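In: Here is a sequence with its predicted model. Questions after.
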Amino acid sequence: MKASLVEKSAVATLAAALVVAVAVPLRIEAWRREARETSVRTLELTGLMRQGVWTDERVTAANSWRGNFRPARPVLVVGEPVRIRLTSADVVHAISIPGLGIAPVEVYPGRYVEIVAVPREVGAFPFYCTTVCGDAHFAMRGVVQVVEAPGAIATPPPEQPGGEYWRAEAPRADAGMVARGAWLFRRQGCVTCHGEEAGGGVANPGAMNANVPALADLARRTFLFTPSDAASLVRALERGPLAALEEAPEIPLYAAVKKQYLATHQIVASGRKAAPMDPASPPPPLEMPAWEARLTGRDIDSVLAYLLTLSQARAAIPAADPGSRTVEGVKP
């Protein structure tokens, strides 16, 4: 027997009620989710390699020619979530904020990627670009300040070593190997990790070695224990690569010195990753890239010769005028 019109109407009414019973709670939950999302603070960061900054200013096609975007200095509140909205104005970057538990996130030109973080403790937490993106890559760092409550005053972050290192002026062609090495150490950004005059002290969060090592003691680590021995090795390098020298310099234990020097040269050429303290945590953001793609063997010799003169100068200071940087056997 066919269903009556009343029965059909009842079935339709019941179906409509079921749809409403399901759809209304879903819509209410969607409204609640939208409300929660709009209440979360958004921090927008744009990577600018050519200026060497992450900026929180708006970068558009109309103003991207500017070279004075301010570096971002975010101030967050402990326990309050923040949506970090990332993009690039030029090339591919990757950002890492180890102190907030944010592993490297790739950031592409013209696209946005969002991550949500909840700061768990008060402090200053560095952030880094972890993809070698161009000449100013090593300057693309900053500090996220996390304070106890809204309006609290954050401590200004310290100055990063190196400044606009990629703008360093090259020495004259006849300035010598050591002068060229000093320029390369700055121009290639080594100074941003190893510190001014290779003094070290730059933090590498999550690494087995908490700080990037100093290189100003390279002579001692190469078994050159006197300034004159270090000066002799620099003079030998000025004649050519150690592996090609026909006459060995008069340096005690020269075979050991040469072996250690060549091992150091190879580390610079091939790079080295920082060992993590905890393999389950985000990887340490600072690592030695493979410089053989950007430096010749003689360039690397120049950098190492410069570092050897720093070692000599430090060794000579107690016995010499504290204001002098002159070292026996090496031209300033």
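Out: Received, thanks.
In: Can you pull the domain assignment for this structure?
Out: Listed by automatic domain parsing, the domain ranges of the chain are 39-147, 165-319.
In: Any chance of these in CSV with mean neighbour count as columns?
Out: C-beta coordinates here come from the backbone N, C-alpha and C atoms, glycine included. Output for these, formatted as CSV (neighbours: other Cβ atoms under 10 Å):
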stretch, mean neighbour count
domain 39-147, 17
domain 165-319, 17
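In: Out of these, which gets nearest to P158?
Out: With Cβ to Cβ as the measure, domain 39-147 is the member of these nearest P158 (8.2 Å).
In: pLDDT averaged over the closest one - what is it?
Out: Mean per-residue pLDDT for domain 39-147: 93.
In: just use 521 as the starting number from now, easier for me
Out: Okay, using 521 as the starting number, the last item reads as domain 559-667.
In: one step back: now the domains of the chain in TSV, with distance to E679?
Out: Shown next, in TSV, are those (distance: least, Cβ to Cβ, whole Å):
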stretch	distance to E679
domain 559-667	11
domain 685-839	10
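In: which one of those lies closest to P677?
Out: If you check each of those against P677 by Cβ to Cβ, domain 559-667 wins as the nearest, at 3.8 Å.
In: Where do the helices of this structure begin and end?
Out: Ranges of helices in the chain, per DSSP state H, are 525-559, 697-707, 710-714, 738-741, 747-759, 774-790, 817-836.
In: which one of the ones you listed has the lowest average pLDDT?
Out: That would be helix 525-559, which, of all these, carries the lowest mean pLDDT at a mean of 52.
In: Give the full set of residues in contact with the nearest residue to R561 once chain neighbours are set aside.
Out: Sequence neighbours aside, V602 is the residue nearest to R561 in space, at 5.0 Å (criterion: Cβ to Cβ, 6 or more residues apart in numbering). Neighbour list for V602: V560, R561, T562, L563, L596, V636, A637, V638, P639 [criterion: Cβ atoms under 8 Å, 6 or more residues apart in numbering].
In: For the fifth one, give the beta-bridge partners.
Out: In this structure, L596 has beta-bridge partners V666, where bridges are defined by DSSP bridges.
In: and it, what does it touch?
Out: By Cβ under 8 Å, 6+ apart, the contact list for L596 reads L563, V602, P639, V664, Q665, V666, V667.
In: same thing with the fourth one?
Out: The contact partners of L563, taken as Cβ under 8 Å, 6+ apart, are D576, A592, P594, L596, V602, R603, I604, R605.
In: next one: the first one
Out: The contact partners of V560, by Cβ under 8 Å, 6+ apart, come to P601, V602, R603, V636.
In: quick one: the last one and I604 touch, right?
Out: Yes: counting by Cβ atoms under 8 Å, I604 is a contact partner of V636 at 7.4 Å.
In: Identify the spatial nearest neighbour of P629, chain neighbours not counted.
Out: Among residues not flanking P629 along the chain, S608 sits closest, at 4.5 Å (Cβ to Cβ, 6+ apart).
In: Now do that neighbour against R692, distance only.
Out: For S608, the distance to R692 equals 37 Å [Cβ to Cβ, to the nearest Å].
In: So what's the residue count around P678?
Out: P678 has 8 neighbours, counted by other Cβ atoms under 10 Å.
In: pretty sure D576 is touching G567, no?
Out: No: with contact defined as Cβ under 8 Å, D576 and G567 do not form a contacting pair (11.5 Å).
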